[in-house]
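[1] pasting the sequence and the predicted coordinates here, then a few questions.
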Amino acid sequence: MPQQESENAGIRLVVGLGNPGRRYERTRHNVGFAAVDALAARWATGEGRNAFGGRLFDARVVLGGSQRRVMLFQPHTFMNLSGSAVGQLVGFYKADRQDLLVVLDDMALALGQLRFRSGGSSGGHKGLADVLAALGSEEVPRLRIGIGSPPPGCDASDFVLRTFDADEQATADEAVARAAQAVEDWVVHGLTYVMDKYNKRMES
């Protein structure tokens, strides 16, 4: 419909990956959900609504001197099946892939490190892999949030479902806050800007 296309022009979609339910709320695998929660609070979107197999927040905020519409989304299909929900979201809004940003955890990055990428493989992340498969392309912008690597003898699938240790929590919380700011910068300035600003190796 022409009216719907007009309403959706210039819209941005931000998808945070994670698992639904209290059991998973503060686990490493849910930093994508946490970033969306932080943005929803920052932009005062309210509680959102159930749609497309997940939780959807409709943000209309003034950023960079103009009003912008950003849909924040948390798939509730569980991590490894995120693609079906994201596919519904993207299809409904007829969004260009460059107007979509997927936010997720990454064991290959140091705890707290952020990294934007314009595309590429899933890097072994099953949630992202399912999203890429559903969208039929690897050219999907994403923001990875470092959660650290598993200690010796710890299985990766168990590690991502653990909460952060007490001495890690402050760094994890700060990373989520920085990720929310990074998403806001992406909305205003685009991908090249945020890659230059945030893709710097953390000082040891």
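    Done, it's in.

[2] pLDDT score for Ser204?
    At Ser204, the pLDDT value in this model is 42.

[3] and Leu132, that one's in a strand?
    No - judged by DSSP: H, G, I helix; E, B strand; the rest coil, Leu132 forms no part of a strand; its state is helix.

[4] my read is that it contacts Ser122, right?
    Yes - assessed by CB atoms under 8 Å, Leu132 is found in contact with Ser122 at 5.9 Å. Backbone N, C-alpha and C define where each C-beta goes, glycine included.

[5] comparing those two, which residue is more hemmed in?
    With other CB atoms under 10 Å as the criterion, Leu132 and Ser122 differ in neighbour count, and Leu132 comes out ahead with 22 against 17.

[6] ok, the more buried one - contacts?
    Going by CB atoms under 8 Å, 6 or more residues apart in numbering, Leu132 touches 83, 121-122, 138, 140.

[7] name the member of these with the most neighbours.
    Of all the contacts of Leu132, the highest neighbour tally under other CB under 10 Å goes to Val140, namely 23 neighbours.

[8] what about that residue, distance to Phe116?
    Counting by CB to CB, to the nearest Å, the gap from Val140 to Phe116 is 12 Å.

[9] let me see the confidence value for Met1.
    For Met1, the model assigns a pLDDT of 38.

[10] mind listing the strands for this structure?
    Secondary structure of the chain (DSSP state E): strands located at 12-16, 49-51, 54-63, 66-75, 100-106, 114-117, 142-146.

[11] of all the ones you listed, which one is nearest Thr27?
    Comparing the strands of the chain against Thr27 with CB to CB, the closest turns out to be strand 100-106 (9.0 Å).

[12] what sits up against that closest one?
    By CB under 8 Å, 6+ apart, the list of residues contacting strand 100-106 from outside reads 12-17, 28-32, 35-36, 86, 90, 115, 123, 125, 127-128, 131, 140-147, 160, 179, 183, 186.

[13] ditto for stretch 143-152
    The contact list for stretch 143-152 (CB under 8 Å, 6+ apart) reads 28-29, 31-32, 35, 101-117, 156, 158-160, 164, 168, 172, 175-176, 179, 182-183, 186, 194.
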